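Q: Attaching a predicted model along with its sequence, questions to come.
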Amino acid sequence: MHAFNLHAQPLSLADHLADLAVEALIDEADLSPKPALVDRRGNGAHSDLHLGLMHASALALWPAFKEMAEAAIDIGEVGLPLRETIGRIGREGEAAMLATTHGVNTHRGAIWALGLLVTAAALEPEASGAASVAFTAAKLALLNDRHAPQPFSHGAQVAQRYGAHGAREQAQLGFPAVLQGALPQLARSRAAGHGEQNARLDALLAIMTGLADTCVLYRAGEQGLRTMQNGAQAVLDAGGSASLAGRRRLHELDHQLLALNASPGGAADLLAACLLLDRIERGADLNSGAL
């Protein structure tokens, strides 16, 4: 048979959702100019990261996202069996990520956030609204995985010192930084004709205005967090990423965070979650498999 006569086979729901999750991670990484984060300009405040590594990490996570979606389809309901299954898959995905990146933590927070959202979307493919998917993900996040290790991670150290719980708390609350901040700002900037890249930058900034970003707190303490939050709000107040004044404020924020060695990695993970929910909500017919 001639190659031009071959037709691609329809992808399964799990394949589709894994594709969407990886695309969201790659789009987040590529988005530029992000303050103090890895993007097309360089490595931001990270000495051990670069854009190619972020891409490789995202692709390495595809099997884990697919397996989480398949587990949701097989188990069929929110409960401890599903929570512990996706926890195990997430840890295996993290190991695959670290093997790909030679031990560099590129997407640990994103595995948690996007893994929960992929699982939730697979559980209820007919309910593809962002709020519905986030609510189901929150119900899963509130369940305790008895097999999860309790390492004294950077996030755990920040939680102990500042009382900020980062990605875990965001998921357990139903991703408020995404539903109440990023997605509405994304819609406003699109409606204003600011262009997709500027709209996504504005969505990131909307997350940064209120998030207790544990990555920033770990690297730069409360001063870094105030700099991030106030600086992001200043960009939006100046007209956002599409305006000249907003761009100037954005570059100022970039320089300030770089000087503090403060990278808003938690906000970046939530932007990826925002982009995933946006994809699902804006045209993902999950029941038919046509995305």
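A: All right, it came through fine. Numbers count the residues shown, from 1 in each chain.
Q: just the helices in the stretch 1-150 of the chain please.
A: Secondary structure of the stretch 1-150 of the chain (DSSP state H, counting those that start in this stretch): helices located at 13-30, 51-60, 62-75, 80-101, 108-123, 130-141.
Q: if you compare those, which one is most tucked away?
A: Highest mean neighbour count of the helices of the stretch 1-150 of the chain: helix 108-123, a mean of 26 (counted as mean count of other C-beta atoms under 10 Å). All C-beta spots, glycine's among them, are computed from the backbone N, C-alpha and C.
Q: avg pLDDT for that one?
A: Average pLDDT, helix 108-123: 95.
Q: and what of stretch 133-147?
A: If you average the pLDDT over stretch 133-147, you get 93.
Q: for it, the distance to its chain's centre please.
A: In terms of C-alpha atoms, centre = their mean, to the nearest Å, the centre of stretch 133-147 is found 16 Å from the chain centre.
Q: In the protein, where is pLDDT below threshold?
A: For the chain, the stretches flagged by pLDDT under 70 are 1-9, 150-166, 283-291.
Q: which residues touch Asp30?
A: Residues near Asp30 by C-beta atoms under 8 Å, 6 or more residues apart in numbering: Asp39, Arg40, Leu51.
Q: Okay, it and Leu260: tell me how far apart.
A: To Leu260, Asp30 is 24 Å away according to C-beta to C-beta, to the nearest Å.
Q: ditto for Ala182
A: From Ala182 over to Leu260 the distance is 23 Å, taken as C-beta to C-beta.
Q: Those two - which one has more neighbours?
A: Counted by other C-beta atoms under 10 Å, Ala182 and Leu260 do not tie: Ala182 has more neighbours, with 30 against 19.
Q: Assumed that one was part of a helix.
A: Yes: judged by DSSP: H, G, I helix; E, B strand; the rest coil, Ala182 forms part of a helix.
Q: can you pull the contacts of it?
A: Ala203, Leu204, Ala206, Ile207, Leu270, Leu271, Cys274.
Q: same thing with Pro35?
A: Going by C-beta under 8 Å, 6+ apart, Pro35 touches Gly44, Met208, Met228, Gly231, Ala232, Leu250, Leu253, Asp254, Leu257, Pro264.
Q: Gly265 too?
A: Leu37, Gly109, Asp213, Cys215, Val216.
Q: Run a quick check on Gly224 versus Leu260, I expect a contact.
A: Yes: the criterion here is C-beta atoms under 8 Å, and Gly224 meets it with Leu260 at 4.8 Å.
Q: Could you report the neighbour count for His102?
A: His102 - counted by other C-beta under 10 Å - has 8 other residues nearby.
Q: separation between it and Leu49?
A: In terms of C-beta to C-beta, His102 sits 12 Å off from Leu49.
Q: Next: Leu173.
A: Distance check for Leu173 against Leu49: by C-beta to C-beta, it reads 28 Å.
Q: Who has more neighbours out of these two?
A: Taking other C-beta under 10 Å, Leu173 and Leu49 do not tie; Leu49 has more neighbours (22 against 15).
Q: so who does that one touch?
A: Taking C-beta under 8 Å, 6+ apart, we find Leu49 in contact with Val38, Asn43, Val104, Thr106.
Q: which ones are touching the residue lying closest to the last one once chain neighbours are set aside?
A: It refers to Thr106. Closest residue in space to Thr106, ignoring its immediate chain neighbours: Ser57 at 3.8 Å, by C-beta to C-beta, 6 or more residues apart in numbering. For Ser57, the contact set (C-beta under 8 Å, 6+ apart) comprises Leu25, Met97, Thr100, Thr101, Thr106, His107.
Q: And the spatially closest residue to Ala171 that is not a sequence neighbour, how far from Ala72?
A: Nearest in space to Ala171, with sequence neighbours left out and distances taken as C-beta to C-beta, 6+ apart, is Ala141 at 3.9 Å. Note on Ala141: its distance to Ala72, by C-beta to C-beta, is 14 Å.
Q: now swap in Leu179 and tell me
A: 21 Å.
Q: Could you do Ala273 as well?
A: Remark: distance between Ala273 and Ala72 (C-beta to C-beta) = 17 Å.
Q: What is the nearest of the contacts of Pro35 to Leu80?
A: In terms of C-beta to C-beta, no member of the contacts of Pro35 lies closer to Leu80 than Pro264, at 33.2 Å.
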